[in-house]
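**Q** Give the three-dimensional model of this entry:
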Amino acid sequence: MKKQVVHTDRAAVTGAPLVQAVKLGNLVFCSGASPRDPKQGNKVVEGGFTAQATQALANLKTVLEAAGSGFEHCLKATCFILDFDRNLPFLNDVWVQHFGKNLPARTVVGVAKLRENYLLEVEVTAYVP
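**A** Below you'll find the model as predicted:
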């Protein structure tokens, strides 16, 4: 098997030395999705945690689709969030809106700092059916 780099211009990029995702066989490993909006020049969205979570998941969905996958095929997610106690309920609300009842395994980690003014970053592993 040979790894393939997955890239789409429809999802945000950071300028960091990374790829949006790597595909190996039918597995997709996504880098941390950011709350940047590619339609606004990759600026971090304003509006608080819910707005940022919504944008990060929109970016993640776009990358998964570019790889031939989607939220319904996610196996594992790791979420890094600021202000854990305050923001976890907001994350849960946005999470259910995007994943419905087809939830992946998930770990949420409270962190002291993220890049720029991010309030969260989300990475997933999925499969291509």
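**Q** Now do the residue positioned nearest the centre of the chain against residue 1, distance only.
**A** The chain has residue 33 as the residue nearest its centroid, 3.4 Å off, counting by C-alpha atoms, centre = their mean. With the distance defined as C-beta to C-beta, to the nearest Å, residue 33 ends up 25 Å from residue 1. Where you see a C-beta, it was placed from the backbone N, CA and C, and this is true even at glycine.
**Q** Of all the helix elements in this protein, which one is longest?
**A** helix 49-66 (DSSP state H).
**Q** got a list of contacts for it?
**A** 6-8, 10-12, 20-21, 28, 30, 33-38, 44-45, 70-71, 73-74, 81, 83, 86-87, 90-91, 93-95, 98, 118-122, 124, 126 (C-beta atoms under 8 Å, 6 or more residues apart in numbering).
**Q** among those, which are in strands?
**A** 6, 21, 28, 30, 36-37, 44, 74, 81, 120-122, 124, 126 (DSSP state E).
**Q** now, which of the residues you listed sits nearest residue 111?
**A** When those are compared for distance to residue 111 (C-beta to C-beta), residue 81 wins out at 6.9 Å.
**Q** show me the contacts for the closest one.
**A** 49, 87-88, 91, 108-111, 119-120.
**Q** The residues you listed: which two are farthest apart?
**A** Using C-beta to C-beta, the contacts of residue 81 span at most 15.2 Å, a distance reached by 49 and 109.
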